[in-house]
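Let me see the structure of the following:
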Amino acid sequence: MSEPKIAVVIPCYKVQGKVLDVIGRIGPEVASIYVVDDGCPERTGDLVERDVRDPRVRVIRHEQNRGVGAATLTGMTQAAADGAEILVKLDGDAQMDPVLIPNFVAPIARGEADYAKGNRFFAPEYLRGMPATRIFGNGVLSFITKLSSGYWSIFDPTNGYLAMHSAVFSLLPKEKIAPRFFFESDLLFRLNLVRANVVDIPLRAKYADEKSNFRARSMVLPFLWYLLRNFAKRIVYSYFVRDFSIGSIYLLFGLPIFLFGIVFGLLEWVWHVRSAALASAGTVMVAALPIIVGFQLLLAFFTYDITNVPRTALHPRIAVAGKKPAA
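Prediction:
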């Protein structure tokens, strides 16, 4: 069995001082390297073309800055068109060690996974040097992303060190994927819709003098909105469009019953407070029983959803660029 053709995509924006070192440390297992100058004011693309002699390197330019997600998709689209089978994305700021590329490629090459992503929280010692605000924020974001994407067994969803099989990449609606900082989380949501298998790869992050373009405070509400919107879309598509399962029944009955109990109970509580009257036992039961039953059905739904995570790789069963899928 021949080794898969690996391509690395490096989106570049204000990383002129780091990107040459990143390129220089990419090993011989990689067949091609795509440096995407995302409207960089430092003209990183010109620097790479001038100073890099590696024949594997190709520079692609965006005339205007379109975001890390858009730059990654541009590079991966070109790499897939050129025949790459495994697409790896790492940043040009030297936080991601290119030496780890084989670790990301291995589960995909073995047919065990469709998508591999970094996890900086795999071991306690990996957290040394990570700002406390990032640890807390990533923990909260990881839980909400589990809800949004349906991948309950992964962590560190915004980690940008990732690898994907080109067959699975070909199934994704590129025009719908978020082009900027929401890219990685939105990508997980899209991967779940096609039932791709995702795995975490242990990764020790590096924090030096680089400056992030991400502004956490201004992005909190947009992140929450995007994640909750994707959660709603995933539930509708996965449980009422593509399939109808016992999980669908749990949700179909549990949510209305639970909401009825909450609304009825609140209305009765307000009325009885204003009228200074005591609620009858029957009124209390009409409010409490739907809440209890509805809550139990919703718990059953989430239990089902957690066990419904894709477990097998998709790419061995689909065709790419005219090739027949594996039997």
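
So, low pLDDT: which residues of the chain?
Residue ranges of the chain with pLDDT under 70: 1, 123, 125-131, 134, 205-220, 319-327.

rerun that using 50 as the cut-off
Residues of the chain meeting the criterion pLDDT under 50: 213, 321-322, 324-327.

And the strands in the chain, which stretches?
Using DSSP state E, the strands of the chain run over 6-12, 32-38, 57-62, 86-89, 115-119, 162-165, 198-202.

out of those, which comes closest to Val140?
Of all the strands of the chain, it is strand 115-119 that lies closest to Val140, at 16.1 Å by C-beta to C-beta. In short, each C-beta sits where N, CA and C put it, glycine included.

Listing partners with orientation, what would you give for the closest one?
strand 162-165 (antiparallel), strand 198-202 (parallel) (DSSP bridges).

I'd like the strands of the chain written out as CSV, with distance to Lys146 and mean neighbour count added.
As requested, the strands of the chain are arranged in CSV below (distance: least, C-beta to C-beta, whole Å; neighbours: other C-beta atoms under 10 Å):
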stretch, distance to Lys146, mean neighbour count
strand 6-12, 26, 28
strand 32-38, 29, 25
strand 57-62, 32, 18
strand 86-89, 22, 28
strand 115-119, 13, 25
strand 162-165, 17, 26
strand 198-202, 11, 19
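
Reformat these as CSV; add distance to Phe155.
Listed next are these as CSV, based on distance: least, C-beta to C-beta, whole Å:
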stretch, distance to Phe155
strand 6-12, 23
strand 32-38, 27
strand 57-62, 31
strand 86-89, 18
strand 115-119, 5
strand 162-165, 14
strand 198-202, 6
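
Once you drop chain neighbours, what's closest to Arg311?
Leaving aside its chain neighbours, Arg311 sits nearest to Asn197 (6.5 Å; criterion: C-beta to C-beta, 6 or more residues apart in numbering).

dump the residue contacts of Ala31.
5-7, 56, 84 (C-beta atoms under 8 Å, 6 or more residues apart in numbering).

One more pass at 10 Å, please.
3-8, 56, 79, 82-86 (C-beta atoms under 10 Å, 6 or more residues apart in numbering).

can you check Asp46 too?
Counting by C-beta under 10 Å, 6+ apart, Asp46 touches 16, 37, 40, 59, 61.

Would you format those as TSV with distance to Gly69 included?
What follows is the contacts of Asp46, written out as TSV (distance: C-beta to C-beta, whole Å):
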residue	distance to Gly69
Gln16	21
Asp37	15
Cys40	16
Val59	19
Arg61	17
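
check contacts around the nearest residue to Ile23 once chain neighbours are set aside.
Counting by C-beta to C-beta, 6+ apart, Ile23 lies nearest to Val52, which is 5.9 Å off, once chain neighbours are set aside. Going by C-beta under 10 Å, 6+ apart, Val52 touches 19-20, 23-24, 33, 35, 59.
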